[in-house]
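Novice: I'd like to go over a predicted model; first the sequence, then the structure.
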Amino acid sequence: METFDALARLVGAGDVVVLSGAGLSTESGIPDYRGPSGVARRHTPMTYQAFTREPDARRRYWARSHLGWRTIARAAPNAGHRAVARLQGAGLVTDLITQNVDGLHTAAGSSAVVELHGRLDEVVCLDCGDLTSREELDRRLREANPGFDAQVAAVNPDGDVELPDEAVARFRIVDCGICGSGLLKPDVVFFGETVPAARVADCFSRVERARSLLVLGSSLTVMSGRRFVIRAAKLGIPVAIVNQGSTRGDGHATLTVDGPLGELLPALADRVTGPITAAGPTLAEPAAV
């Protein structure tokens, strides 16, 4: 309770920048790589180099992703996403940076979300740069692969599934519908690919203006997200981490809270903004936390 009280005081002071990771979306049915739902997973994510250089790897990715997309597309925001949106709506969270590619923060009502690694529901042509919706690509892939289906045991964190080689071999991929020959890729940052420099600089700027940095559901294993925690700590900006299990950023944190985000975040929002009633949320005085 003392740690939760300290977290409430930190968030209640406002000017919070949130950095979220895969652990926030597990309760929406999207697994993570390293948290409780991903510990036993031996899935190797697709790399940018393999995707762009190896036709077989590209076919394997799209065959698996074509089926996995159905689960991602059906996913809905959970209580944790909605609590973050409440904190932002109350003016306590000023900026939201997410490492997730599922779009669930926006679906929950959050605004101006910086999607560090892009969005899985958009597709980019690597030749002409045309950007189209994943829904449109899904329609084209269904037309190119009538009757293609397989029993899906589980969806991997990057939105694809495990498929036998014989199923992959008969899958037909499609090229860009605008230029006619360009390679299509989800508009997300693959492993081995670099986050656009301007996007990283924007995130650093947001963190540097913050009163505190709140990390939600990220193991901070990769530097892509951990660098913002390191920068905040160097500047003396308090860092709070809410996650299930330890993280690689714990040594930089002012406080850490271990527990399910779907329970902790609504309780936090209730504490600092007031519980939701039939007439809507009742704002609480930050000094009362």
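Specialist: Looks like it arrived, so ask away.
Novice: so where's this structure shaky on pLDDT?
Specialist: Scanning the chain for pLDDT under 70 picks out 33-44, 150-160, 276-289.
Novice: mind running it again at 90?
Specialist: The model of the chain has pLDDT under 90 over residues 1-2, 29-46, 64, 67-74, 112, 147-168, 191-192, 274-289.
Novice: Which parts of it are helices?
Specialist: Using DSSP state H, the helices of the chain run over 2-12, 48-53, 55-74, 79-89, 104-107, 134-144, 165-169, 197-208, 223-234, 261-273.
Novice: Reformat those as JSON lines; add mean neighbour count.
Specialist: All C-beta atoms are positioned from the backbone trio N, CA, C, and that covers glycine. What follows is these, written out as JSON lines (neighbours: other Cβ atoms under 10 Å):
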{"stretch": "helix 2-12", "mean neighbour count": "18"}
{"stretch": "helix 48-53", "mean neighbour count": "15"}
{"stretch": "helix 55-74", "mean neighbour count": "19"}
{"stretch": "helix 79-89", "mean neighbour count": "24"}
{"stretch": "helix 104-107", "mean neighbour count": "21"}
{"stretch": "helix 134-144", "mean neighbour count": "15"}
{"stretch": "helix 165-169", "mean neighbour count": "12"}
{"stretch": "helix 197-208", "mean neighbour count": "14"}
{"stretch": "helix 223-234", "mean neighbour count": "18"}
{"stretch": "helix 261-273", "mean neighbour count": "21"}
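Novice: Save those helices as JSON lines, and put in distance to Gly182 too.
Specialist: Output for these, formatted as JSON lines (distance: least, Cβ to Cβ, whole Å):
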{"stretch": "helix 2-12", "distance to Gly182": "45"}
{"stretch": "helix 48-53", "distance to Gly182": "12"}
{"stretch": "helix 55-74", "distance to Gly182": "12"}
{"stretch": "helix 79-89", "distance to Gly182": "34"}
{"stretch": "helix 104-107", "distance to Gly182": "27"}
{"stretch": "helix 134-144", "distance to Gly182": "13"}
{"stretch": "helix 165-169", "distance to Gly182": "22"}
{"stretch": "helix 197-208", "distance to Gly182": "23"}
{"stretch": "helix 223-234", "distance to Gly182": "27"}
{"stretch": "helix 261-273", "distance to Gly182": "39"}
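Novice: Quick one: closest of these to Cys176.
Specialist: helix 134-144 (10.0 Å; Cβ to Cβ).
Novice: Mind giving me the packing neighbours of that closest one?
Specialist: helix 55-74, strand 118-125 (3 or more Cβ pairs under 8 Å, 6 or more residues apart in numbering; DSSP states H and E).
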